[in-house]
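# Sequence and computational prediction follow.
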Amino acid sequence: MRNRLAGITAALVTTLAFSSILTAQTVAQQEAATTEAQKSARPPDLSGLWTPRPDGIKINTWDSSDPYGEKPELAPMAPWAATKWREARPPFGAKQTYEGINDPVQRFCDPPGITRIYMYPWEFTMIQTPKVVYILYEFTRVWRSIAMDREHPKDPDATWMGDSIGRYEGDTLVIDTIGLNDKTWLDHTGHPHSEALHVIERLRRVDHNTLELAVTIDDPKAYTKSFGGKKYFEATSSPMGEAICAYSEMDSFQKTVIDPTTKQPGK
Amino acid sequence: MNQKLLTIVVLAAGFFAASLPVVAHHGVAGYDMTKTVTLHGIVTKFDWSNPHIVVHMDAKNANGEVQNWTIELAAPTHMSRIGWTKNVMKTGDEIIADVHPAQNGAPVGISGTVTFQLKIVVNGQALPMR
């Protein structure tokens, strides 16, 4: 009787001991699995105030073969796009002029568009929430919302900011945008685009104080091939100021400063 | 901001100014960036507003005639980042300003953008530069 009781007790204790070891192992494995899942699910921290790095301030286009816009005629434009580009009278790059400027930002305070806005020497910042990433731009004080939990609608409206969806790939935020109207310039040199424009942005923190932005331009109606480039931004502590593009102020500046420089002497 | 790097970049930008224009939102196409003139005179209006700060001043030219000059600088946000405020000058102040003049000879010039700032002295005090 005692031996049986002892045997049962021993069996119970052993079972309990084993089960607790098993439980501990299972809990540890579960914890490890959760940490790995949390790590891969935790989005990269892209927070901060970002301003163009000084060595990248002169970048005018997203064509890495001509970043400073010195040979804008060489972009792979479709014939109608080349015609439209020739009509552009930009204040930047190889074709720069103050006469008869038709830059839609400078003349009308139109939104610069999501590819051109990065060319200005102003800051931007990102607010990352699980379902939406917001990008706030200092210049013209516009913002974009990047949906992180859906696909593009089948037939999006053509708007100034477009329809943006995003996902994280490791340390990179990948943004895919369609549904852009054709009223903006791709860059500072006046390259046009169509409503078929498809933009991919890849944002990655290279080190704590450096952000890399890689942009791919894909517009089969306006360009015979896709192209892209990179621009680097550095962290700054300077709070974003007000740089609203007010048509009344821009018009006053045009009349006060720009127009006098375009009159020929003696006229 | 790495001051040394910025200094090198500004000097390089000045050296290559003719071929690689410094960037304002509208460029510098109307100005002769290879030429600098120094204007002595009186502030007639200080416009601290977007898109660019504009200084209006009366300056005497070589013939002693008073010219009304219009001088653009960077936007208020960019100027405040180097220490300027809306109070650095006012109508009636004495001013000595270095500018790159308009190519067509009009009394218009550019004294600074986001990447450079030429020397401006108000009532004997030099204002911050880049």
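Everything's here; your move.

# roughly how far out does stretch A:53-69 sit from the chain middle?
Distance, stretch centre to chain centre, for stretch A:53-69: 16 Å (C-alpha atoms, centre = their mean, to the nearest Å).

# swap that for stretch A:110-121, sorry
Relative to its parent chain, stretch A:110-121 has a centroid offset of 11 Å by C-alpha atoms, centre = their mean.

# now for the lengthiest strand in chain B, which elements pack on it?
Once chain B is assigned using DSSP state E, the strand that runs over the most residues is strand B:37-47. Counting contacts by 3 or more C-beta pairs under 8 Å, 6 or more residues apart in numbering or on different chains; DSSP states H and E, strand B:37-47 is packed against strand B:54-60, strand B:66-72, strand B:94-101. No exception for glycine: its C-beta is placed from N, CA and C like everyone else's.

# Please identify the most buried of these.
Ranked by mean neighbour count under mean count of other C-beta atoms under 10 Å in any protein chain shown, the helices and strands packed on strand B:37-47 are led by strand B:94-101, which reaches a mean of 21.

# neighbouring strands for whichever helix or strand comes after that strand, and are they parallel or not?
Sequence-wise, the next helix or strand downstream of strand B:94-101 (DSSP states H and E) is strand B:108-110. Strand partners for strand B:108-110, identified by DSSP bridges, are recorded as strand B:66-72 (parallel), strand B:94-101 (antiparallel).

# what are the bridge partners for residue B:54, then?
For residue B:54, the beta-bridge partners under DSSP bridges are residue B:47, residue B:72.

# Would you format the helices and strands packed on strand B:37-47 as CSV with mean pLDDT included?
Listed next are these as CSV, based on pLDDT from 0 to 100:
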stretch, mean pLDDT
strand B:54-60, 97
strand B:66-72, 97
strand B:94-101, 98
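
# Of those, give the one that comes closest to residue A:167.
strand B:66-72 (43.4 Å; C-beta to C-beta).

# Tell me the buried residues in the helix or strand following that closest one?
Next helix or strand after strand B:66-72 toward the C-terminus (DSSP H and E): helix B:76-80. For helix B:76-80, burial by neighbour count (16 or more other C-beta atoms under 10 Å in any protein chain shown) applies to B:76-79.

# Same list (those residues) but as TSV, adding distance to residue A:92 and pLDDT.
Formatted as TSV, the buried residues of helix B:76-80 follow (distance: C-beta to C-beta, whole Å; pLDDT from 0 to 100):
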residue	distance to residue A:92	pLDDT
B:76	22	98
B:77	20	98
B:78	17	97
B:79	21	97
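
# who's in contact with the residue nearest to the spatial centre of chain A?
The centre of chain A sits closest to residue A:201, judged by C-alpha atoms, centre = their mean, with a distance of 4.8 Å. With contact taken as C-beta atoms under 8 Å, 6 or more residues apart in numbering or on different chains, residue A:201 is in contact with A:114, A:173-175, A:177, A:213-215.

# how about 10 Å then?
Going by C-beta atoms under 10 Å, 6 or more residues apart in numbering or on different chains, residue A:201 touches A:114-115, A:118, A:135, A:146, A:164, A:166, A:172-177, A:213-216, A:228.

# can you check residue B:80 too?
By C-beta under 10 Å, 6+ apart, the residues touching residue B:80 are A:238, A:241, B:48, B:74, B:86.

# Please apply the same query to residue B:29.
Residue B:29 neighbours (C-beta under 10 Å, 6+ apart): A:89-93, A:95-99, A:101, A:258, A:261-262, B:21, B:103.

# Residue B:123 is nearest to which of the helices and strands packed on strand B:37-47?
strand B:94-101 (5.4 Å).

# any idea whether the residue nearest to residue B:49 when sequence neighbours are not counted is helix, strand or coil?
Among residues not flanking residue B:49 along the chain, residue A:249 sits closest, at 6.2 Å (C-beta to C-beta, 6 or more residues apart in numbering or on different chains). Here residue A:249 is helix, with the state taken from DSSP: H, G, I helix; E, B strand; the rest coil.

# give me the number of residues near residue A:249?
16 (other C-beta atoms under 10 Å in any protein chain shown).

# Next, count neighbours for residue B:110.
Residue B:110: 25 surrounding residues under other C-beta under 10 Å.

# Thought residue B:33 was touching it, still the case?
Yes. Proximity of residue B:110 to residue B:33 meets the contact threshold set by C-beta atoms under 10 Å, at 8.1 Å.

# Identify the residues contacting residue 65.
If you meant another chain, say so; for now it's chain A. A:71, A:74-76, A:227, A:229.

# looking at chain B here, not the other one
By C-beta under 10 Å, 6+ apart, the contact list for residue B:65 reads residue B:59.
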